[in-house]
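A.B. asks: Could you look at this predicted model? Sequence included:
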Amino acid sequence: MPSNPITTEERTLPVTESKEHITSPSLKGNASELRDLEAGLDNLQSDTGRKHGIEWKRVLLPIAALVILILAWQFYVSLGLKRRDQVPGPLDVLNQLVLLWSEGKVQESVWTSLQRGVIGFLISVVIATPVGLILAQVAPLRRAFGPLISGLQVLPSVAWVPAAIIWFGLTDATVYFVVFMGAIPSIINGLISGVDQIPPQYRSVGTVLGANRLQMALQIVLPAALPGYIGGLKQGWAFSWRSLMAAEIIAVGGTIGFGLGSLLDQGRVLSDMAIVMAAILLILAVGILIELLVFGPIEKRLLQRRGLLAGSSR
Amino acid sequence: MPVVLENLGKRFGDGAPVLDDVNATIAQGEFVALLGASGCGKSTLLNIMAGLEKPTSGALEVPSDGAAFMFQDASLFPWLTARGNIELALQLADKTSTKASRRERATELLELVHLGGAGDKRPHELSGGMRQRVALARSLAQDRQLLLMDEPFAALDAITRDLLHDELERIWKETGRTIVFVTHNVREAVRLGQRVLLLSSRPGRVVAEWNVTEEHRTDAGRAGELTGVITRRLREEIRRHAK
């Protein structure tokens, strides 16, 4: 044990204070004064919580942009430059949507596609996450498979549709296969690049704290890579949604149900532009809603908790 | 158990040696300040003692359970609260500990560094000084006899640093840890260390050592005198590299 209790005793005696520590580096003052000084500094230097409320600008600006776009669309249509059946106006599309709704086609197609998209995406996450973590942590594996994974991400997943139809026929398996081929590589890549961006110091801290390989991966690397990982998930969702639409447009019939892609294809077959536009808008709307309701809040919360949101234009 | 460094050397690749023939013995419970100019291999020496790097020559004897380490920047995990950071260290140090016991111990450690009320804050909500105190609590959570500190207060303002010096001294006395404290600040070395080791630059080697006695701690004149002596020796060491 260290043995100089003299200073501690003396520091608590105010009488000797003036004589001691005149120019020596140690602080003057008794224990409670120092405690107050410390508490004062803590309060001055740390963040006080900011107030949160509904930010109306965040809601109103996108709505205003949407209204302006629809007005511009209506304006273009009323100029009468194109035939109405080729370029339907917003009201025609709205009427078509109402009609499709009353026939139950909107509900059916959105439900079918959304269900497939979500299930396909979730299975992709379950497959891609461990694979991505292993590739990011084990250098030889990464060198071996890294280029292939990047290549797969660049390859349009529609290219798998013919193969899938030959292998699985016109079944749900075809659709899911195409979704996997789209989503899995991009989730893996997102996770790997998230891991690459981890400050090296975090691993040193992990080593010093005594983490083994598994603990390092699950308790340090994965949470540290979370922002990149969420980015990868977002992209993975976008890829699954796109691949799904492509698959549904191309593979029609068999036991494949009626999805948004099928609705779009039906519009093409019937040469009904209003159906085509309605289907496109529905596909877009689902994409926007998933971003707004799922990824947006998760990402915002994540960045906020890590103090990474200040100064961004989100 | 003491720490013994014997003819320790380190070079990276084919480069000039960073450390050469370092000899030192650090007794249990001792507070040693390791002083040297920037780039003299102080951090490398500390990393070797922590087991983060391997020496290329010589022998080294450290406690078998390894060492706790405190980095220059707090290096807290931003996805965890202050308490969460400490609890993670407790969990990694003792896999068999229960959640409740970790929680209790983390509360004690937060109290020890006077941050009882800030446990639920996240690192970015804390000041630099508070972050370093959480980092100190985290390194104490490792419960190792040897605590290695790599210029932990270098980036802090003067008042905060003085406060943390007091706090570290108090905690050292309360916990009886062996501390090796790396710094390039002579006043800091004299303020904290019982012994000051001066490391030369390129290659790093222990070239001088001073004992800081009780007299130096209470008599400002003596402390200033010693600071002056060490500063002159350090400058001499740096000037050697002018040519």
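C.D. replies: On my side now, so go ahead.
A.B. asks: in the chain, what spans have low per-residue confidence?
C.D. replies: With no chain named, the answer covers chain A. In the predicted model of chain A, residues A:1-31, A:46-54, A:310-314 satisfy pLDDT under 70.
A.B. asks: please go with chain B instead
C.D. replies: B:243.
A.B. asks: Do you have the strands of it handy? List them.
C.D. replies: Across chain B, reading from the start of the chain, the strands by DSSP state E fall at B:3-10, B:19-26, B:31-35, B:57-61, B:67-70, B:146-150, B:178-183, B:195-199, B:206-211.
A.B. asks: Out of the ones you listed, the one nearest residue A:296 is which?
C.D. replies: Each of these was checked against residue A:296 via CB to CB, and the shortest separation belongs to strand B:67-70, namely 38.1 Å. Heads up, the C-betas are built off the backbone N, CA and C, glycines and all.
A.B. asks: any idea how far residue B:57 lies from residue B:148?
C.D. replies: Distance of residue B:57 to residue B:148, computed by CB to CB, to the nearest Å: 21 Å.
A.B. asks: Those two - which one has more neighbours?
C.D. replies: The residue with the greater number of neighbours, taking residue B:57 and residue B:148 and applying other CB atoms under 10 Å in any protein chain shown, is residue B:148; the counts read 28 against 14.
A.B. asks: these two touch, right, that one and residue B:180?
C.D. replies: Yes - contact criterion CB atoms under 8 Å: residue B:148 and residue B:180 qualify, at 5.2 Å.
A.B. asks: what sits in contact with each of these two?
C.D. replies: Each of B:46, B:49 lies in contact with both residue B:148 and residue B:180 under the rule CB atoms under 8 Å, 6 or more residues apart in numbering or on different chains.
A.B. asks: all helices for chain B, in order.
C.D. replies: Counting by DSSP state H, residue ranges of the helices within chain B are B:42-50, B:82-93, B:99-112, B:128-141, B:158-175, B:186-192, B:214-218, B:220-239.
A.B. asks: Just send those back as a markdown table, with mean neighbour count too.
C.D. replies: Below are these laid out as a markdown table (neighbours: other CB atoms under 10 Å in any protein chain shown):
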| stretch | mean neighbour count |
| --- | --- |
| helix B:42-50 | 22 |
| helix B:82-93 | 23 |
| helix B:99-112 | 16 |
| helix B:128-141 | 25 |
| helix B:158-175 | 18 |
| helix B:186-192 | 24 |
| helix B:214-218 | 17 |
| helix B:220-239 | 16 |
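A.B. asks: could I get these as CSV with distance to chain A?
C.D. replies: Formatted as CSV, the helices of chain B follow (distance: least, CB to the nearest CB, whole Å):
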stretch, distance to chain A
helix B:42-50, 6
helix B:82-93, 5
helix B:99-112, 12
helix B:128-141, 6
helix B:158-175, 5
helix B:186-192, 4
helix B:214-218, 6
helix B:220-239, 4
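A.B. asks: With residue A:297 as the reference, name the closest of the ones you listed.
C.D. replies: The minimum distance between residue A:297 and those falls on helix B:82-93, with 21.7 Å, by CB to CB.
A.B. asks: Check the offset of the closest one from the chain's centre.
C.D. replies: Between the mean C-alpha location of helix B:82-93 and the chain-wide mean there is a distance of 20 Å, by CA atoms, centre = their mean, to the nearest Å.
A.B. asks: Then stretch A:301-308?
C.D. replies: Centre-to-centre, stretch A:301-308 and its host chain are 14 Å apart (CA atoms, centre = their mean).
A.B. asks: Just give me the neighbour total for residue A:210.
C.D. replies: The burial metric for residue A:210, expressed as a neighbour count using other CB under 10 Å, is 18.
A.B. asks: what about the residue lying closest to it once chain neighbours are set aside, distance to residue B:69?
C.D. replies: By the measure of CB to CB, 6 or more residues apart in numbering or on different chains, the closest residue to residue A:210 outside its immediate chain neighbours is residue B:92, 4.9 Å from it. In this view, residue B:92 and residue B:69 are 13 Å apart by CB to CB.
A.B. asks: Then residue B:202?
C.D. replies: Noted for residue B:202: a distance of 24 Å to residue B:69, by CB to CB.
A.B. asks: In terms of neighbours, single out the busier of these two.
C.D. replies: Just comparing residue B:202 and residue B:69: by other CB under 10 Å the higher neighbour count belongs to residue B:69, 28 against 16.
A.B. asks: so who does that one touch?
C.D. replies: For residue B:69, the contacting residues are A:205, A:208, B:46, B:50, B:52, B:139, B:147, B:148, B:149, B:150, taking CB under 8 Å, 6+ apart as the criterion.
A.B. asks: Could you tell me how many residues sit around the residue nearest to it when sequence neighbours are not counted?
C.D. replies: Once flanking residues are discounted, residue B:69 sits nearest to residue A:208: 4.2 Å by CB to CB, 6+ apart. Around residue A:208 there are 26 other residues, counting by other CB under 10 Å.
A.B. asks: Could I get the full set of strands for the stretch 201-314 of chain A?
C.D. replies: Using DSSP state E, counting those that start in this stretch, no strands are found in the stretch 201-314 of chain A.
A.B. asks: quick one, helices of it?
C.D. replies: Secondary structure of the stretch 201-314 of chain A (DSSP state H, counting those that start in this stretch): helices at A:213-215, A:222-224, A:226-250, A:260-269, A:273-290, A:296-305.
A.B. asks: And for the stretch 1-150 of chain A?
C.D. replies: Defined through DSSP H, counting those that start in this stretch, the helices belonging to the stretch 1-150 of chain A, from first to last, are A:5-12, A:14-17, A:31-45, A:56-78, A:90-102, A:105-137, A:139-154.
A.B. asks: Surely residue A:123 is in contact with residue A:180?
C.D. replies: Yes - Residue A:123 is within contact range of residue A:180, at 7.0 Å (criterion: CB under 8 Å).
A.B. asks: Please identify which of the two sits among more neighbours.
C.D. replies: More neighbours sit around residue A:180 than around the other of residue A:123 and residue A:180, counting by other CB under 10 Å; the figures are 22 against 16.
A.B. asks: Can you work out which other helices and strands pack against whatever helix or strand that one lives in?
C.D. replies: Of the helices and strands defined by DSSP states H and E, residue A:180 is found in helix A:172-196. Contact partners of helix A:172-196 among helices and strands, from 3 or more CB pairs under 8 Å, 6 or more residues apart in numbering or on different chains; DSSP states H and E: helix A:105-137, helix A:139-154, helix A:161-168, helix A:226-250.
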